[in-house]
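*Asks:* everything below, folded, please.
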Amino acid sequence: MAQAQDFTAVLKDVMGSFPVDTKAMEDAFKSQASMNEKLAAVALEAAEKSTELQATWTKDTLSKLADMTTAKEEPADYAKAVTDFASAQAEVAAENMAAFAEIAKKVQMDTVELLMAAGKDLQEETTAAVKKATDEVTKAAKKASA
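*Replies:* The predicted structure follows:
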């Protein structure tokens with residue numbers, strides 16, 4: 001009767017010919033962590049600027065609202081106060097919305113720069129890894145055929 005071939009040794013040899021580079025995985029993890037840190041810094045800076053802008057806008061609005069609510073001698077003065085408040089708020093809103101847009105534009109530009117730099121780094125790392133793997137496979141093939 002024919003005996004079944006033991007593929008354990010063959011599989012072990014094949015797997016040994018294709019070593020796993022754990023350093024590459026560690027480097028990829030470090031690159032990802034660094035990228036996340038940079039993206040978080042961009043987001044936190046934008047949140048800080050947005051919060052400061054919103055706080056300033058709120059203080060300004062409350063100050064103007066306090067001026068509007070003071071007692072007036074003539075009834076027409078109330079209408080003028082409301083009109084002045086509304087017109088000032090429209091102007092301030094336009095300025096603040098433009099400032100928010102600038103913050104968003106900066107976040108977008110910073111994010112694109114980070115992603116482009118990461119893509120370039122990834123391309124360089126991939127090229128190096130493929131070259132290294134090709135060299136190792138070539139060496140293993142030569143060793144196996146010898």
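
*Asks:* when you work out contacts or count neighbours from here on, use the C-alpha atoms and nothing else.
*Replies:* Fine.

*Asks:* now the helix or strand encompassing Gln54: mean pLDDT?
*Replies:* Taking DSSP states H and E as the definition, one finds Gln54 inside helix 22-68. Averaging pLDDT along helix 22-68 gives 91.

*Asks:* before we move on, what about stretch 120-129?
*Replies:* Looking at stretch 120-129 alone, the average pLDDT works out to 80.

*Asks:* how about the contacts made by the residue nearest to the spatial centre of the chain?
*Replies:* Nearest to the geometric centre of the chain sits Leu39, at 3.2 Å (Cα atoms, centre = their mean). Neighbouring residues of Leu39 by Cα atoms under 8 Å, 6 or more residues apart in numbering: 111, 114.

*Asks:* circling back to that earlier point, can you name the element that comes right after the helix holding Gln54?
*Replies:* Towards the C-terminus, the helix or strand next in line after helix 22-68, according to DSSP H and E, is helix 75-145.

*Asks:* report how many residues lie close to Lys38.
*Replies:* Lys38 is flanked by 15 other residues according to other Cα atoms under 10 Å.

*Asks:* over to Met68?
*Replies:* 19.

*Asks:* ok, now which ones touch it?
*Replies:* With contacts defined as Cα under 8 Å, 6+ apart, the neighbours of Met68 are 78, 81-82, 85.

*Asks:* let's see it at 7 Å
*Replies:* Applying Cα atoms under 7 Å, 6 or more residues apart in numbering to Met68 gives the contacts 81-82, 85.
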